[in-house]
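Enquirer: quick one: sequence and predicted model below, then my questions.
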Amino acid sequence: MSPLRLSCELLVNGNVGQMGAQIIGAAVCFVWAFGASFIFFKILGKGDEAPSQSRGGTRRPGHSGDGQPRLRPGQPPRDGLTFPVPHLRGGTTQFAYSDTWTWNGTAWTQLSPASHPSSRDGGAMAFDTATGTTILFGGLSATTGAALNDTWSWNGTNWTNLSVTGPSARYDANLVYDAAIGKLVLFGGYDGSSTFSETWTFDGTTWTKLAPAAHPTARANPAISYDPGAQRALLYGGDNGSGTSFYGDTWTFDGTTWTQQSPVHSPGQRSQSAMAFDPVLTKVILFGGRDSANVYYDSSLGRWTQRDPIGGSIANPSAMDRYV
C-alpha cells in the first residue's frame, strides 16, 4: 500500500471506509496547507496536533470580498465535526503556506518533501483515483500576487511539477474526480478581474477544455463533489469573484454537459462551502460557507435538507453562523 493510501484511511464507525477514501481521497484525508486548499479536521478531542492557524506567513495582496475572515482569529474548530478550516482570508490580513501535512485518522503529520509548490492561496486540489495521485492546480501566488496556472502531482512522498499546458491562470476554482469518466473535472475560478465558466478535464497527463451545451454561469468558489449514486459531479453555489454577489443554484455534470437541478429546498446563496460524498449516509454532504448551514443532498429525493446536531431536520435552511 502506498504512503498516500495509508495516509488516506478514513475511519467510519470504527472501520476503514475504503469507498470514502477512494472518492474523497486526499481531499479529506490529505492536506497541502497552502492557504485555500481546504484543511479538513476530524476533531477527536482537545490537544490534537494540527496545522497551525496562527503561524506567520506571507501577507497576500487584498482580495476584495466582505472584509471578514472566514474564521475568527483564535476561534477553535467545533469538537465532533469534520469541516474545512481555512487560514484568514479577506480584509488586509492574509497568509499563504507551502507546507505539506497528512492525516491518518488519528493524527496530523507534517512532511518534508524534497520539492513542493510555492506558497499560495486559492488553489484547486483533488485526489485522482485513476492515477493514485493528488493533483493541485493554480492559486494566487503569495510572492507576486498573481494568479497561477501550474499543475502539480503528489505521489505520497514528493510533489512533481507536471509542466503541462492547461487552463489559464486562476484561483478559487474547484476540482473533483469524476469516476464515471475517470478524469478530474475543473470548473470556474477568478483571475483578479474576471470569473470563468469553463469546464476542463484532466486525465493525469493532459488538460482538455470541453464545450458543454449548458453550464453554470461564470463564478468562483463553487462547492463541488461527485455523487456515485447518481454517477454525476454535483456543483453548488459560488460567488462572482469579488465577493459582492453569491449563487444558490444546483448543477450536475454527466461527463458531457451540465444540467441545472430544481430541488424542493436548497441551502441558499453561499460560497466557500465544503462538500463531499459520505459513503455511510450515501449522500453528498455540504457544510458551511458564507451564511453557513449543515445540509445534505439526496440524489434520489432531489432535495436539500438541513440537519441539526441532534439529528432532526429543518425544511428551510437559513443562516446559522457566518464563520466556520
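Expert: Thanks, I have it.
Enquirer: for burial, what's the neighbour tally of Thr195?
Expert: A count of neighbours around Thr195, defined by other CB atoms under 10 Å, yields 21. Heads up, the C-betas are built off the backbone N, CA and C, glycines and all.
Enquirer: that one against Gly188, yeah?
Expert: Yes. Assessed by CB atoms under 8 Å, Thr195 is found in contact with Gly188 at 6.7 Å.
Enquirer: anything in contact with each of the two?
Expert: 218-220 (CB atoms under 8 Å, 6 or more residues apart in numbering).
Enquirer: same question for stretch 201-208, mean pLDDT?
Expert: The average of the pLDDT scores along stretch 201-208 is 97.
Enquirer: rewinding a little: for the shared contacts of Thr195 and Gly188, pick the one with the most neighbours.
Expert: Arg219 (27 neighbours).
Enquirer: residues in a beta bridge with the nearest residue to that one once chain neighbours are set aside, which ones?
Expert: In space, Arg219 comes closest to Gly238 once its chain neighbours are excluded; the distance is 3.6 Å by CB to CB, 6 or more residues apart in numbering. According to DSSP bridges, the residues that bridge with Gly238 are Tyr247.
Enquirer: touching, Gly238 and Gln269? I think so.
Expert: No. Counting by CB under 8 Å, Gly238 sits too far from Gln269 to count as a contact (9.3 Å).
Enquirer: quick check: buried residues in stretch 186-199?
Expert: Along stretch 186-199, these residues count as buried under the neighbour rule (16 or more other CB atoms under 10 Å): 186-192, 195-196, 198-199.
Enquirer: tell me which of those residues is nearest to Trp251?
Expert: Each of these was checked against Trp251 using CB to CB; the closest is Phe187, at 8.9 Å.
Enquirer: which residues does that closest one contact?
Expert: Phe187 makes contacts with 173-174, 197-200, 215-216, 222, 224, 235, 253, as judged by CB under 8 Å, 6+ apart.
Enquirer: pick the one among the buried residues of stretch 186-199 closest to Gly132.
Expert: Of the buried residues of stretch 186-199, the one sitting nearest to Gly132 (CB to CB) turns out to be Leu186, at 19.1 Å.
Enquirer: from Ser193, how far off is the residue nearest to Arg219?
Expert: Separation of Gly238 from Ser193 (CB to CB, to the nearest Å): 17 Å.
Enquirer: what of Leu234?
Expert: When CB to CB is the yardstick, Leu234 and Ser193 sit 28 Å from each other.
Enquirer: over to Trp103?
Expert: Trp103 sits at a distance of 36 Å from Ser193 (criterion: CB to CB).
Enquirer: please, where are all the strands along the stretch 151-300 of the chain?
Expert: 159-161, 174-178, 183-187, 199-202, 207-209, 223-227, 232-239, 246-253, 258-261, 274-278, 283-287, 294-298 (DSSP state E, counting those that start in this stretch).
Enquirer: reformat those strands as a markdown table; add distance to Thr143.
Expert: A markdown table is the format used below for the strands of the stretch 151-300 of the chain (distance: least, CB to CB, whole Å):
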| stretch | distance to Thr143 |
| --- | --- |
| strand 159-161 | 16 |
| strand 174-178 | 23 |
| strand 183-187 | 24 |
| strand 199-202 | 25 |
| strand 207-209 | 24 |
| strand 223-227 | 28 |
| strand 232-239 | 25 |
| strand 246-253 | 30 |
| strand 258-261 | 35 |
| strand 274-278 | 27 |
| strand 283-287 | 32 |
| strand 294-298 | 37 |
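Enquirer: compare those strands and give me the one nearest Met125.
Expert: Across those, Met125 has its closest neighbour in strand 174-178 (6.3 Å, CB to CB).
Enquirer: by mean pLDDT, point me to the weakest helix or strand of this structure.
Expert: Of all the helices and strands that make up the chain, the one with the lowest confidence by mean pLDDT, DSSP states H and E is strand 82-84; it has a mean of 26.
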